[in-house]
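Asks: when you get a sec, could you give me coordinates for this:
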Amino acid sequence: MDEVLDRLLDGEPVSGQALSEELGVTRAAVWKQIEQLRAQGFVIESEGRQGYRLTKCPDSLLAPVIARGLDTRWAGRSIVSLKSVDSTNRYARALAAQGAPAGTLVLAEEQTAGRGRRGRGWISPAGEGIFMTLILRPQAHPSQVAGLSLQTALAVARAIARETGLDARIKWPNDIVCGGRKVCGMLLEMNADEQSVIDVVAGIGINVHQRQFAPEIANTASSLDLLAGRRIPRAPLVRAFLEEFEAADALAAQGKDALMAAYRARSATLGQRVRVVSLTETFTGTAQEITDSGSLIVIDEQGARREVLAADVSVRGLMGYA
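Replies: Predicted coordinates:
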């Protein structure tokens with residue numbers, strides 16, 4: 001089906017016979033794939049002897065739609081598009097174990113067991129969001145991989161701002177907020193030995209078309225459609241993310257200073273009153289600095305300088321804390 005769609009995306013009419021010959025399948029198989037595409041919302045007209053012409057493309061995340069117009073060297077050059085999956089991260093980890101190259105992107109219209117940080121579930125309703133995982137193979141020691149989380153957050157924030165016009169900000173370490181509401185969460189998982197990283201899967205969930213949220217997050221979450229006041233196409237946003245990830249990767253290649261300067265410029269946390277909630281304690285203070293290693297420096301109520309490495313950080317006045 002992808003090959004038929006890719007041919008139709010050229011915009012010119014193509015006959016069933018030509019498709020049959022090009023793809024090495026029967027005319028009946030071509031017709032079946034055309035009908036499958038029509039069932040997914042693609043408007044394909046039959047123009048007599050000229051054949052089939054694609055006249056309208058739905059809000060699709062099929063691989064040929066994402067690939068059309070993608071301007072990257074390696075990110076997204078291999079795309080796996082799924083109708084439904086338990087978790088794009090789990091699927092991507094299996095592909096990585098089989099040798100899938102860096103830049104392979106796994107997309108799903110629906111996740112049945114999506115996951116967020118600390119084992120939380122991530123609600124992934126069919127057709128309403130972007131649920132994707134990018135496979136990475138950094139040449140790095142495991143201790144150096146934390147920066148990939150910041151790099152991914154920067155790429156997503158820039159992509160959202162570029163495609164929607166919203167002021168997309170990063171709530172440390174990698175939640176994306178617009179208008180004080182969370183619109184995106186991430187989960188990066190690493191496969192490594194003691195000396196080197198084998199692969200990293202960067203899972204991203206973006207709320208795009210959602211209009212209703214579970215009661216426990218209704219006051220803190222939103223979607224791009226609601227915030228932008230219009231329907232946001234998903235495929236251009238995925239392409240923008242892949243392009244911005246490569247741009248952020250180029251910044252990282254210049255050294256930590258360039259990447260961290262861009263990350264700090266997008267921060268929603270710096271200078272804000274924050275509540276730090278960890279497994280062992282809770283305290284409040286002011287977020288003063290994000291170090292080059294990605295940790296958060298908070299000045300607590302007693303004036304002590306405290307470094308936060310792996311905790312949930314809630315920003316007062318931004319994420320629903322009074």
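
Asks: could you tell me how many residues sit around the residue found closest to residue 142 once you drop the neighbours it is linked to in the chain?
Replies: Of all residues beyond its chain neighbours, the one nearest residue 142 is residue 192 (4.4 Å), with distances taken as CB to CB, 6 or more residues apart in numbering. The C-beta positions use only the backbone N, C-alpha and C, and glycine is treated the same way. Using other CB atoms under 10 Å, residue 192 has 16 other residues around it.

Asks: and residue 192, what are its bridge partners?
Replies: Note on residue 192: beta-bridge partners residue 197, judged by DSSP bridges.

Asks: again with residue 316
Replies: Residue 316 has the following beta-bridge partners by DSSP bridges: residue 321.

Asks: where are the low-confidence patches of the stretch 101-250 of the chain?
Replies: Along the stretch 101-250 of the chain, the parts satisfying pLDDT under 70 run over 114-124.

Asks: strands along that one, start to end?
Replies: For the stretch 101-250 of the chain, strands defined by DSSP state E, counting those that start in this stretch occupy the ranges 105-108, 129-136, 168-171, 175-178, 181-192, 197-207.

Asks: tell me what the last one is packed against?
Replies: Other helices and strands packing on strand 197-207, by 3 or more CB pairs under 8 Å, 6 or more residues apart in numbering; DSSP states H and E, are helix 88-97, strand 129-136, helix 146-164, strand 181-192.

Asks: for the protein, which segments count as helices?
Replies: With DSSP state H as the criterion, the chain has helices at 2-8, 16-23, 27-39, 63-67, 88-97, 146-164, 224-228, 234-254, 256-265.

Asks: pipe those helices into CSV and attach mean neighbour count per row.
Replies: Written out in CSV, the entries for the helices of the chain read as follows (neighbours: other CB atoms under 10 Å):
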stretch, mean neighbour count
helix 2-8, 19
helix 16-23, 15
helix 27-39, 15
helix 63-67, 22
helix 88-97, 20
helix 146-164, 23
helix 224-228, 20
helix 234-254, 20
helix 256-265, 16
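
Asks: closest one to residue 291 among these?
Replies: With respect to residue 291, and counting by CB to CB, the nearest of these is helix 256-265 at 8.2 Å.

Asks: give me the contact list for that closest one.
Replies: For helix 256-265, contacts defined as CB atoms under 8 Å, 6 or more residues apart in numbering pick out 147, 150, 151, 153, 154, 170, 248, 251, 252, 270, 290, 292.

Asks: for the residue nearest the centre of the chain, list the residues it contacts.
Replies: Geometric centre of the chain, nearest residue: residue 204, 3.8 Å, by CA atoms, centre = their mean. Taking CB under 8 Å, 6+ apart as the definition of contact, the neighbours of residue 204 are 130, 131, 132, 133, 134, 152, 156, 184, 185, 186, 241.

Asks: repeat that for 7 Å
Replies: Residues in contact with residue 204, defined by CB atoms under 7 Å, 6 or more residues apart in numbering, are 132, 156, 184, 186.

Asks: list buried residues within those.
Replies: Neighbour counting over the contacts of residue 204 (16 or more other CB atoms under 10 Å) leaves 132, 156, 184, 186 as the buried ones.

Asks: with those residues in mind, which one is nearest to residue 174?
Replies: Distance ranking of the buried ones among the contacts of residue 204 against residue 174, using CB to CB, places residue 186 first at 4.6 Å.

Asks: tell me the buried residues in stretch 274-291?
Replies: For stretch 274-291, by 16+ other CB under 10 Å, it's 274, 275, 276, 283, 285, 287, 290.

Asks: quick one: average confidence on that stretch?
Replies: Stretch 274-291 comes out with an average pLDDT of 91.
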